[in-house]
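1. structure of the sequence below:
(one chain, ligands or ions: 1)
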Amino acid sequence: MTGRKRQALLAALPAAVVAHGGRQHHARQNPSGSTTSYTFSLAATNPTAVPLSAINSLQPSSATKALHSTAVAGSVPTFISGAPPLPAITALRAADYPDPDKPAPTDSPEVKRWIQEVKDTGVVIPDLSLNVAAPATGPICTAPENAAAAANSTARCWWTCGGCTRASDIADCPTKLDWGLTFDDGPAPYTPNLMEYLDEKQIKATFFVVGSRVFYNWQTLQSQYMGQHQIAIHTWSHYALTTLTNEQIIAELGWSKKIIKDVLGVTPNMMRPPYGDIDDRVRAISLAMGLTPVMWTRLGPNSAFNTNDFDIHSGTVTVDQALSGWKSVLDKANTIDTGFIALEHDIWQQTVEVATGYILPDALAHQPAFKIQPVVNCLARTMSDAYVETNNNATNPPVFKQAVDAGVVKVSGKPKDTSPAVSAQSAAGGILSLAGLMLGGLLAMP
Ligand SMILES: [Zn+2]
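-> Residues are numbered from 1 along each chain as shown. Reported below is the predicted structural model:
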């Protein structure tokens, strides 16, 4: 990675994530101050783990690893029925995509087309006020600027403020002890370090990737995909979506869909909003664009399955707090009747070191055993169902149809007629084929 590219990537990184869970434990300093003891105990750790005492915001950068398996252009992912060959790419052209790290312009031909495609679904986008946030931190429920939205958070189903979800959101795995393993915010320099461990242990995960960062790390994305991990969307620039206009949200999701399709040949049908920041307006747009929102499990306003690993890098969370957060996740996982989805990241050296050195070894040693898998698999679907082009529409109806059937979104007017040829070729196939379903009378129109 060149210095310029690294600079651009790092500039893309949010400075902090809103902490959704309460802190559980703090490290204890012994009287000499020389040794830190921890309030948690782990069933197992990785023998080659970076020592806990060395994982902090000030640690020097450790070595990044090369991808140990490089995806070959033109190879066909045989584990996905009907998948096209991997696109042959020598380089992505910056001129073909918006600038990194900020919301894309909404007047480009591409975004105008996606806006029209959303309109063509007939989706009714709730008219909700935009929340306010510093771009890097996500909107805060208690901020005075958001008081009206917070007071109305249940009606608008604003997850950030209380944890509301709709029937179309995925927030857990249905089966007890199933863990939908997710990593957000990559692909990034330390992602290959994580992938090496996952491969060694034969663990598959869901990666919610940021479009801007795919641009700089597209080889990593191809390797993740060909390694049978699930690829899903985490927006173009990692801004909090409830703070953006409808058109900006469409651009955030549309450009992410496009760059992933350009790199992999397929388009994901799941998304995770940055900071978990979603309300019914964001939800309607996501669903109309063929994207199912995937959250992380949350049992109450202050009981999210969040390891808080992200903030070790900034120094606002210590490694002990993060691992205590993990033990809290385990405690909750043991008590609930369903499986779970927990929040982790592959963006920083620290998050990868904590995952590969401690969290995953501990999880693998857990008794009774967890079934660790990508989110799509914990929903009893195949990896083919993770992508618009390969999804089996008979067994797994398109996302927007499911949402309409569940009453989560409403449609009005007559969706525009779209020819099947256009549907088959469009990266927004989920939308257009849905319009086809509507026209075919399969969807009840209000
Ligand atoms: Zn994120």
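2. neighbours of the residue of the stretch 301-446 of the chain found nearest the ion, how many?
-> At 6.9 Å from the ion, His345 is the closest residue in the stretch 301-446 of the chain, using Cβ to the ion. The C-beta positions use only the backbone N, C-alpha and C, and glycine is treated the same way. For His345, the count of nearby residues is 26 (other Cβ atoms under 10 Å).
3. can you pull the contacts of it?
-> His345 makes contacts with Phe183, Asp184, Asp185, Gly186, Asp309, Phe310, Thr351, as judged by Cβ atoms under 8 Å, 6 or more residues apart in numbering.
4. my read is Gly315 is in a strand, agree?
-> No. Checked against DSSP: H, G, I helix; E, B strand; the rest coil, Gly315 lies outside a strand; its state is coil.
5. ok, it - contacts?
-> Asn56, Ser57, Leu58.
6. what strand or helix carries Leu287?
-> Secondary structure from DSSP states H and E places Leu287 in helix 280-288.
7. and that helix, C-alpha only, in PDB?
-> Output in PDB follows, covering the C-alpha atoms of helix 280-288 (Å, rounded to 0.1, in the frame of the first residue of the first chain):
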ATOM      1  CA  ASP A 280     -37.900   3.500   9.100                       C
ATOM      2  CA  ARG A 281     -36.700   6.000   6.500                       C
ATOM      3  CA  VAL A 282     -33.300   4.300   6.100                       C
ATOM      4  CA  ARG A 283     -35.000   0.900   6.400                       C
ATOM      5  CA  ALA A 284     -37.500   1.600   3.500                       C
ATOM      6  CA  ILE A 285     -34.700   2.800   1.200                       C
ATOM      7  CA  SER A 286     -32.500  -0.200   2.000                       C
ATOM      8  CA  LEU A 287     -35.300  -2.600   1.500                       C
ATOM      9  CA  ALA A 288     -36.300  -1.000  -1.800                       C
END
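8. need the phi and psi values for Ile231.
-> Backbone torsions of Ile231, given as degrees, to the nearest 10, read phi -110, psi 130.
9. distance of it from Thr182?
-> Ile231 sits 11 Å away from Thr182, going by Cβ to Cβ, to the nearest Å.
10. in this protein, which strand is the longest?
-> Determined from DSSP state E, the single longest strand within the chain is strand 178-184.
11. tell me the pLDDT at Ala73?
-> On the pLDDT scale, Ala73 is placed at 84.
12. and the closest residue to it other than its chain neighbours, how far from Glu117?
-> Distances taken as Cβ to Cβ, 6 or more residues apart in numbering put Ala88 closest to Ala73, at 3.7 Å, once the chain neighbours are dropped. Using Cβ to Cβ, we find Ala88 at a distance of 27 Å from Glu117.
13. ok, now Asp277?
-> For Asp277, the distance to Glu117 - Cβ to Cβ - is 24 Å.
14. please apply the same query to Lys257.
-> Counting by Cβ to Cβ, the separation of Lys257 from Glu117 is 11 Å.
15. kindly report the same for Pro87.
-> Using Cβ to Cβ, we find Pro87 at a distance of 22 Å from Glu117.
16. between these two, who's got more neighbours?
-> Glu117 (23 against 15).
17. tell me the SS of that one?
-> For Glu117, the assignment made with three-state DSSP gives helix.
18. now do the lengthiest helix in the chain and helix 280-288, the angle between them.
-> Counting by DSSP state H, the longest helix found in the chain is helix 246-264. In terms of direction (axes from the mean of the first three to the mean of the last three Cα atoms, to 10 degrees), helix 246-264 departs from helix 280-288 by 30 degrees.
19. tell me how many other residues surround the closest residue to the ion within the stretch 251-400 of the chain.
-> Closest residue of the stretch 251-400 of the chain to the ion, Cβ to the ion: Pro274 (4.5 Å). Counted with other Cβ under 10 Å, the neighbours of Pro274 add up to 23.
20. contact partners for it?
-> Pro14, Gly138, His234, Thr235, His238, Tyr239, Ala240, Leu241.
21. now render those residues as a markdown table, adding secondary structure.
-> Converted to a markdown table, the contacts of Pro274 look like this (three-state DSSP):
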| residue | secondary structure |
| --- | --- |
| Pro14 | coil |
| Gly138 | coil |
| His234 | coil |
| Thr235 | coil |
| His238 | coil |
| Tyr239 | coil |
| Ala240 | coil |
| Leu241 | helix |
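22. in the sheet, who's paired with the residue most central in space within the chain?
-> The centroid of the chain falls nearest to Phe208 when counting by Cα atoms, centre = their mean (3.1 Å). Listed beta-bridge partners, Phe208: Asp184, Ala232 (assigned using DSSP bridges).
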